[in-house]
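J.: Predicted model, plus sequence, below.
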Amino acid sequence: MALSRNRRRDRGVDYWPGFVDALSTLLLAIMFLLTVFVLAQFILSREITGKDEVLNRLNNQISELTQLLALEKSGKQDIEDTLATLQSTLATSESERSRLQALLSSGSGSQDAAQAQIGTLNEKLETEQQVSARAMSQIELLNQQIAALRAQIAAVESALQASESKDQSSQTKIADLGRRLNVALAQRVQELNRYRSDFFGRLREILSDRENIRIVGDRFVFQSEVLFPSGGNELNPAGTEEMGKLAGALLDLAKEIPAEINWVLRVDGHTDNVALSGSGRYADNWELSAARAISVVKFLISRGVPSNRLVAAGFGEFQPLAEGDTPEARSQNRRIELKLTER
């Protein structure tokens, strides 16, 4: 009966080496895929600029590594269980061999049969010892792989914590910079508004006696008839006089405005909606409005106003102050607007 049980154990043991080899190959394949995955993850993480995506990838990597670690632990437990079974079988076989040797020594029973059983048991013991040694080797390899997985999980968790800490620090710095920028912008706006108010006050004093000069919002508006002849862009004597006063006011103001305020005077040219004849100097109202704005800018430059503080723009008839085709509406729309602003 004992010999029959041993034979059944032998048939069960025959499958074990192949199982161990297959499990070892599977583990090596998993480690290779894991290495490729980690390398690909590193390359992709350097290309991704979004911090949220990086954090999500790190979290996913920790989850996958944890799953692999659980798989490794499960495989190790299976091998340890099999090893325990083998060791129990080995102990039983050794006990049987000792019993047979005792019988042989006492002379009871058939010596030839006992010798045969002892030879069979010795072969079986040698096989089981080899299998046990291989199982121990596999367990040692699994221990090393589990340690490597734990190290990788620790490294990923450390990288995740560092990324979260860096992200929080960056957000704090961004918020602080945003507050400082808003304060600086508010100060600049307040300073520019103060100088714009001074500029407008001086122009009011200088130009208060002219009916064709108006204030619309934050702009001074000169009717074109005050500055230019009909259809032309050359300043007339009255226009030269008014622009001379403007240049003086600008030069006085420029001395008071701090250098860090990047101010400009924008000169906008506008026309009415009457189309120009094709035989004239200008092809359309776009060209006429731009030419008049440029003439004002060039005159101010000739009076000493810095070029980098002036901007000329032409709007044609497309930004009217008054709607309609009446002479009064068209007269209001033919104008030069001046606006002190920040570049």
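T.: That came through, no problem.
J.: Buried residues, stretch 274-287. List them.
T.: Within stretch 274-287, the residues that count as buried by 16 or more other C-beta atoms under 10 Å are 276, 282, 285, 286, 287. (C-beta placed from N, C-alpha, C; glycine too.)
J.: and those, which two are the farthest apart?
T.: Greatest spatial distance among these (C-beta to C-beta): 276 and 286, at 9.8 Å.
J.: Please, where are all the strands along the protein?
T.: Secondary structure of the chain, counting by DSSP state E: strands at 213-216, 219-223, 263-270, 310-314, 335-342.
J.: ok, residue 297 - how many residues close by?
T.: Residue 297 has 21 neighbours, counted by other C-beta atoms under 10 Å.
J.: That one and residue 221, how far apart?
T.: Distance, residue 297 to residue 221, using C-beta to C-beta, to the nearest Å: 17 Å.
J.: helices and strands around the longest helix along the chain, which ones?
T.: What stands out as the longest helix in the chain, according to DSSP state H, is helix 111-207. On a contact count with 3 or more C-beta pairs under 8 Å, 6 or more residues apart in numbering; DSSP states H and E, helix 111-207 meets helix 2-13, helix 16-47, helix 51-106, strand 213-216, strand 219-223, helix 237-254, strand 335-342.
J.: so who does the residue nearest to residue 214 when sequence neighbours are not counted touch?
T.: Setting aside the residues directly before and after it, residue 214 is nearest to residue 221 in space (C-beta to C-beta, 6 or more residues apart in numbering), at 4.7 Å. Neighbour list for residue 221: 213, 214, 215, 321, 335, 336, 337, 338 [criterion: C-beta atoms under 8 Å, 6 or more residues apart in numbering].
J.: from the residues you listed, which single one is nearest residue 270?
T.: Looking across these and measuring by C-beta to C-beta, the closest to residue 270 is residue 335, at 5.0 Å.
J.: Enumerate every residue touching that closest one.
T.: The contact partners of residue 335, taken as C-beta under 8 Å, 6+ apart, are 221, 222, 223, 224, 270, 321.
J.: hang on, the earlier thing: among the strands of the chain, which comes closest to residue 160?
T.: Closest approach to residue 160 among those is made by strand 335-342 (44.4 Å; C-beta to C-beta).
J.: Can you point out the buried residues in that closest one?
T.: Neighbour counts over strand 335-342 (16+ other C-beta under 10 Å) mark 335, 336, 337, 338, 339, 340 as buried.
J.: Sheet-wise, list the partners of it with their directions.
T.: strand 219-223 (antiparallel), strand 263-270 (antiparallel) (DSSP bridges).
J.: Can you tell me which of these is most buried?
T.: Across the strands paired with strand 335-342, averaging neighbours per residue (mean count of other C-beta atoms under 10 Å) puts strand 263-270 on top, at a mean of 22.
J.: Can you tell me what sits against it?
T.: With contacts defined as C-beta under 8 Å, 6+ apart, strand 263-270 is touched by 192, 195, 219, 250, 257, 288-293, 296-297, 300, 305, 308-317, 319-321, 333-343.
J.: what does the average pLDDT come to for that strand?
T.: The average pLDDT for strand 263-270 rounds to 95.
J.: Stretch 229-245 now?
T.: Averaging pLDDT along stretch 229-245 gives 92.
J.: Do me a favour and get the end-to-end distance for that stretch?
T.: Taking C-alpha to C-alpha, to the nearest Å, the first and last residues of stretch 229-245 lie 20 Å apart.
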